[in-house]
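Chemist: Sequence plus predicted model, see below.
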Amino acid sequence: MIGDAVDAKGILDRARGCAVGAAVGDALGMPLEFGPRRPLGGLVREMRPGRLPAGTFTDDTEMALAVADSLLACSVLDGKDLAQRFVAWYRAEPADVGNHTRAVLSRMATGEAWDCAVGEVQRTAPASAGNGSLMRSWPVALVHWRDLDRLIADSRLQSQVTHSHPECVAAVSLVNAIIYSLLRGTAPAEAVLMALQCVDVPASLRALVQEAPKRPRESLQNSGWVRHTLESAIWGLMTTDSFEAALVQVVNLGNDADTAGAVVGALAGAAYGHASIPERWRDALHGEWPLRSGRQWNAERLADLADRLVASAALADPRPAG
């Protein structure tokens, strides 16, 4: 728990930056998804149309909003409630669903319990370690900004509802632990170091995080593998000094650009705050949630969501996080 000395106003600004930044990164990366790495002389810096109109967020943000809805309803994460919300999203026929996520949710949609569905999918594809739980992880960090133990416990559960591979679970916990420190104004390099000290991370993944800032741009694969998304996001956060620079560098790596953009957007937004996000990007941002509801979301609504998540920390279940 934290004391009164914490800068509450600063926490709120950085929480808004985290929420809006994740969605902005998703939308900026959307037209670059599955494309090649952009040359340094031709970096995309503006919202462009792709498979969706310019500025539209994708499944990365939609699933994060499902996580946020579950947290606001339950205070701490409830696996069954979250699974039901994911299934409702899946049944609304989103424009994109990751392969691993689809395999799990299609089983849940038939009535199979979430833990059984995840276990069976992981058993049949034991090496499957996609980035589908990492892209939607930030709401857990915001709702548990007061309690690192609960943050880590719910981060693990958030991943396990669809992605139970140890590297997926560790990556989600690590990114949220980094956000925890960034919200307090900790510098990015120190926030990463602190997170590595308090999260159980497999040795190979720990080495990847430690080496990420040293990697040349040309070596970053930025694929849908959770290791590659985590590597790109850490690289972008630690080799730049502004929200805009971090986002531009990461989404222009191409390949799974929207997901890497969402992850680095959450991190950089938490590092530099809401005001650091270019107004032109915030103005262009939009999307629908819940799907097929006709309810339109923009940057202002996402900032309000961040406020509600931060405020709900006072209502969180006090039971032990173990």
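Modeler: Good, I have the coordinates.
Chemist: The residue nearest to Leu43 when sequence neighbours are not counted and Ala311, how far apart?
Modeler: Computed as C-beta to C-beta, 6 or more residues apart in numbering, the closest residue to Leu43 that is not its neighbour in sequence is Asn252, at 4.7 Å. Placement of C-beta: from N, CA and C, glycine included. Distance of Asn252 to Ala311, computed by C-beta to C-beta, to the nearest Å: 36 Å.
Chemist: So for these two, which residue has more residues nearby?
Modeler: Neighbours per residue (other C-beta atoms under 10 Å) separate Asn252 from Ala311, with Asn252 holding more: 25 against 14.
Chemist: ok, now which ones touch the more buried one?
Modeler: Asn252 makes contacts with 32, 37-38, 43-44, as judged by C-beta atoms under 8 Å, 6 or more residues apart in numbering.
Chemist: Which pair of the residues you listed spans the longest distance?
Modeler: Looking at these by C-beta to C-beta, the two members farthest from one another are Arg37 and Val44, with 11.4 Å of separation.
Chemist: doesn't Arg38 make contact with Ala257?
Modeler: No. With contacts counted by C-beta atoms under 8 Å, Ala257 stays clear of Arg38, the gap being 9.3 Å.
Chemist: For the two, indicate the residue with more neighbours.
Modeler: Between Ala257 and Arg38, counted using other C-beta under 10 Å, the more crowded position is Ala257 (28 against 17).
Chemist: ok, that one - contacts?
Modeler: When contacts are counted by C-beta under 8 Å, 6+ apart, Ala257 is found next to 29-30, 32-33, 35, 222, 250-251.
Chemist: Most neighbours among the contacts of Asn252, please name it.
Modeler: Ranking the contacts of Asn252 using other C-beta under 10 Å puts Leu32 first, with 24 neighbours.
Chemist: My read is that it contacts Val44, right?
Modeler: Yes. Applying C-beta under 8 Å, one finds Leu32 in contact with Val44, separated by 6.2 Å.
Chemist: can you list residues touching both of the two?
Modeler: Counting by C-beta under 8 Å, 6+ apart, the residues touching both Leu32 and Val44 are 38, 251-252.
Chemist: Show me those residues that map onto helices.
Modeler: Filtering the shared contacts of Leu32 and Val44 for membership in helices, criterion DSSP state H, returns Val251.
Chemist: nearest to Asp149, of the shared contacts of Leu32 and Val44?
Modeler: Distances from the shared contacts of Leu32 and Val44 to Asp149 were compared by C-beta to C-beta; the smallest belongs to Val251, at 33.3 Å.
Chemist: Is Val192 part of a helix or strand, or is it coil?
Modeler: Recorded secondary structure, Val192: helix (DSSP: H, G, I helix; E, B strand; the rest coil).
Chemist: Pull up the gap between it and Arg206, please.
Modeler: Following C-beta to C-beta, the distance that separates Val192 from Arg206 is 11 Å.
Chemist: out of these two, which sits in the more crowded spot?
Modeler: When Val192 and Arg206 are compared on other C-beta under 10 Å, the one with more neighbours turns out to be Val192, at 25 against 15.
Chemist: Quick one: residues in contact with stretch 219-232.
Modeler: Contacts of stretch 219-232 (C-beta under 8 Å, 6+ apart): 37, 98, 129-131, 133-135, 163, 165, 167-168, 171, 174-175, 205, 208-209, 212, 215, 235, 250, 253-257, 259-260, 263-264.
Chemist: Can you give me the buried ones in that stretch?
Modeler: Residues 220-232 are the ones in stretch 219-232 that count as buried (16 or more other C-beta atoms under 10 Å).
Chemist: and Val118, how many neighbours?
Modeler: By other C-beta under 10 Å, 25 other residues sit near Val118.
Chemist: cool, and the one 10 residues further on?
Modeler: Taking other C-beta under 10 Å as the neighbour definition, Ser128 ends up with a count of 19.
Chemist: so the residue lying closest to it once chain neighbours are set aside is in which element?
Modeler: When the adjacent residues along the chain are set aside, Ser128 lies closest to His100, with 5.1 Å between them (C-beta to C-beta, 6+ apart). Counting by DSSP states H and E, the secondary-structure element that holds His100 is helix 99-108.
Chemist: For the helix or strand following that helix, which helices and strands make contact with it?
Modeler: Along the chain past helix 99-108, the next helix or strand (assigned with DSSP H and E) turns out to be helix 114-124. In terms of contacts (3 or more C-beta pairs under 8 Å, 6 or more residues apart in numbering; DSSP states H and E), helix 114-124 is packed against helix 79-91, helix 99-108.
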